[in-house]
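1. return a 3D structure for these sequence lines:
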Amino acid sequence: MTRTSTRLLAAGGAVVLTALAAAPATAATVVSRADANALTVSIAGNGQGTGTAGATYDGQESRTGETQPSPSPFSQDFVDLGVLTQQATAGDGFSAACAGVAGAGGGIVQIGDGSCLTPGDTVTGSLSSVDLAGLGLEPPEQLPLPDGLGALLDTLGDGRGQLDGILRDALGQVDEAVGPLGLTLRFDAIEGRCRVDGGSPSGTASLANAALVLSGGGRDVKVVDIPANPAPNTEVTTDLSEVVALVLDAASTQLREGLDEATGPLADAIDPVRDQIVAQVRSNLDGQLEPLRDTLLSVTLNEQSRPTSDSIRVSALHAQVLPAAAGAVGASLADVRVGNANCGPADRVPTEAAPAPAPKQAVPELPTAVSAGVEGPATTTLSARLAQAAPLTGVALAGLLIAIAGVLGVRRHLG
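-> Numbers count the residues shown, from 1 in each chain. As a prediction, this is how the structure comes out:
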């Protein structure tokens, strides 16, 4: 056998033996995951957020993202953002997340079964501005006049036109009189939490000293009463009746001041029925303010959804200025989510089943008789058993010979 053929045989034998010894590799599979986001704000289509902190488990836990993000992206819309946290963890059969915001002086607690924040000073976040000029407040085209006033105004030539001009000018100053109306979110701490353990998802939320407030005219009007520990998917009702009353009071004041400026015969005509004129215009404005009263806001607390049976998504607070209402009252669109936590799925790493024990082979029996060529019962002899094992023995022997040839080839090459 030449050296070249010997080396080829040796190499082939090594490949065969390596292939037989190699076990199939299995890629690690993520079985549990969770992620958290402290705050996401979209105002007039411009979205800002704190990013996401996540955790996965595939036999080992891996974590990504910032757990204490900077509040700097919200400097224009939110003030006094003291502490933001977004934490997630995942393990064998469980995952958990906690996220939220607290004011200055608040603290962070490492994620566990409870809260991950302690409240701080009050945070004030500007969500939207309401432009009363966008409402188009105006006197009715056919204002019902008190008895006798219409005929009296007709005697003044353009008396009706002069009165309409006074009313329009007065209502045009309501926005300035009330001042800018701003919708703000105030709270000491808001956080959302979730957990999946043993295939069972759960979620909670807490809101410390939280309120939605509409400010204007030197007054702060609480428009949403927010409970501290709301049940899942709690929809709160916004009450803007006080805001409507604030606007109507300002309109009435402007109307009276405008009517007081009337002079000459017009002043004499409207003075006895001035209060009735103001009441008629106010009643008409009340209908124009209907969108501000009823449909400006949608607020859901402890918002929860379950994409699968073993996963859950939680937002501690989800507030929206509804698009239809925004157009009606001249408000900027806003969508705010605070304390967002997502958990699941959370499975266990599969364990490899122990190989089944090899069947126990019986010890071959030695023959007790030698066949003389006469037919009789079939008897398994030792030589027959050796013949049955010959193929396997041949394979093993061939492998051994290949290995020996390789060794001899190496020795000859070295010699």
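2. where in the stretch 151-300 of the chain is pLDDT low?
-> 175-180, 216-217, 239, 290-296 (pLDDT under 70).
3. in it, what residue spans correspond to helices?
-> 159-172, 174-178, 241-260, 264-270, 274-288, 290-294 (DSSP state H, counting those that start in this stretch).
4. and the contacts of stretch 227-242?
-> 203-208, 210, 212, 214, 221, 223-226, 292-294, 296-304 (CB atoms under 8 Å, 6 or more residues apart in numbering). (Glycine included, C-beta is placed from N, CA and C.)
5. re the thing from before, V123: which of the helices of the stretch 151-300 of the chain is closest?
-> Taking CB to CB, helix 241-260 is the member of the helices of the stretch 151-300 of the chain nearest to V123, at 22.0 Å.
6. now the angle from that closest one to helix 159-172?
-> Per axes from the mean of the first three to the mean of the last three CA atoms, to 10 degrees, the angle that helix 241-260 makes with helix 159-172 is 140 degrees.
7. and the direction of helix 241-260 versus that of helix 274-288, what angle?
-> Using the same axes, to 10 degrees, helix 241-260 lies at 140 degrees relative to helix 274-288.
8. so of the contacts of stretch 227-242, which ones are in strands?
-> With strands taken from DSSP state E, the overlap with the contacts of stretch 227-242 comprises 203-208, 212, 214, 221, 223-225, 297-304.
9. for A208, list each beta-bridge partner.
-> A189 (DSSP bridges).
10. how about the contacts made by it?
-> 119, 187-190, 228.
11. for Q173, the count of nearby residues, please.
-> Neighbourhood size, Q173 [other CB atoms under 10 Å]: 16.
12. any idea how far it is from E257?
-> 9 Å (CB to CB, to the nearest Å).
13. CSV for the helices of the stretch 151-300 of the chain, including mean neighbour count and distance to V349?
-> Shown next, in CSV, are these (neighbours: other CB atoms under 10 Å; distance: least, CB to CB, whole Å):
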stretch, mean neighbour count, distance to V349
helix 159-172, 18, 70
helix 174-178, 19, 62
helix 241-260, 19, 56
helix 264-270, 16, 85
helix 274-288, 16, 63
helix 290-294, 18, 53
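14. among the ones you listed, which is nearest A96?
-> helix 290-294 (39.4 Å).
15. out of the ones in strands among the contacts of stretch 227-242, which end up buried?
-> 203-208, 212, 214, 221, 223-224, 297, 299-304 (16 or more other CB atoms under 10 Å).
16. if we can go back for a sec, just give me the closest of the contacts of A208 to R33.
-> Using CB to CB, these come closest to R33 at I190, 23.9 Å.
17. list the contacts of the closest one.
-> Contacts of I190 (CB under 8 Å, 6+ apart): 100-102, 205-208, 210, 316-317, 338-339.
18. just S32 next, same as before
-> Contacts for S32 (CB under 8 Å, 6+ apart) come out as 56-57, 90-95, 196, 344-347.
19. neighbour-wise, which of these leads?
-> Result: S95 is most packed of those (other CB under 10 Å), 31 neighbours.
20. quick check, that one in a helix?
-> No: assessed by DSSP: H, G, I helix; E, B strand; the rest coil, S95 does not belong to a helix; its assignment is strand.
21. enumerate every residue touching it.
-> By CB under 8 Å, 6+ apart, the neighbours of S95 are 32-34, 55, 57, 88-89, 195-196, 343-346.
22. just list whatever residues bridge to it.
-> A90, V196.
23. what's the separation between it and L149?
-> 73 Å.
24. mind checking which of the contacts of S95 land in strands?
-> Short answer: the contacts of S95 in strands (DSSP E) are 32-34, 55, 57, 88-89, 195-196, 343-346.
25. how deep is N46 tucked in, by neighbour count?
-> 11.
26. repeat for the one 4 residues further on
-> Other residues within reach of T50, judged by other CB under 10 Å, total 26.
27. nearest residue to it other than its sequence neighbours?
-> P69 (4.0 Å; CB to CB, 6 or more residues apart in numbering).
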